[in-house]
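> This is the structure alone, sequence omitted:
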């Protein structure tokens, strides 16, 4: 089962994404603050990170860059905010659940192709 970290302080965004992701077969861990997300990445492995660009404490961009340094293979999808930074794809608000599902399928396929090219799981 793929494990996703959902980082958002927006309860409506979390509520709309959490159930959809769970129903798609993902194990979802939600955190409210980017700093807490960085701490969790240091302790646990995640397959994906979805981070809300709404500013609160540590910026979403800074947190995502820190987490990409810790786990460079982990895809990151930013929800809301300005243009893409550091090659992080951005989904505009309101979040289109079908587009998020498609992005996760794309990430999964891309990760699988990378794993296959390397000769299997690391």
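Cool, got the structure. Here the structure is a predicted model, which is why all the values come from computation and not from measurement. Numbers count the residues shown, from 1 in each chain.
> CA atoms for contacts and neighbours, from now on please.
Noted.
> Flag the helix or strand of this protein with the lowest per-element mean pLDDT.
Sorting the helices and strands of the chain by mean pLDDT, DSSP states H and E puts strand 90-91 at the bottom, at a mean of 60.
> ok, how many other residues are close to residue 52?
Neighbour count of residue 52, defined by other C-alpha atoms under 10 Å: 28.
> And it, how close does it get to residue 59?
10 Å (C-alpha to C-alpha, to the nearest Å).
> cool, and residue 35?
Distance from residue 35 to residue 59, by C-alpha to C-alpha: 9 Å.
> now residue 48
18 Å.
> Neighbour count: those two, which is higher?
Between residue 48 and residue 59, counted using other C-alpha under 10 Å, the more crowded position is residue 48 (21 against 16).
> Tell me where the chain has strands.
3-7, 27-31, 48-52, 76-79, 90-91 (DSSP state E).
> tilt between the first one and strand 48-52?
Comparing the axes of strand 3-7 and strand 48-52 via axes from the mean of the first three to the mean of the last three C-alpha atoms, to 10 degrees yields an angle of 10 degrees.
> Which strands or helices does strand 3-7 pack on?
strand 27-31, helix 34-43, strand 48-52 (3 or more C-alpha pairs under 8 Å, 6 or more residues apart in numbering; DSSP states H and E).
> That one pairs with which strands, and in what direction?
Strand pairing for strand 3-7, using DSSP bridges, gives strand 27-31 (parallel), strand 48-52 (parallel).
> neighbours around the nearest residue to residue 27 once chain neighbours are set aside, how many?
What sits nearest to residue 27 in space, not counting adjacent residues and going by C-alpha to C-alpha, 6 or more residues apart in numbering, is residue 3, at 4.7 Å. Residue 3 has 18 neighbours, counted by other C-alpha under 10 Å.
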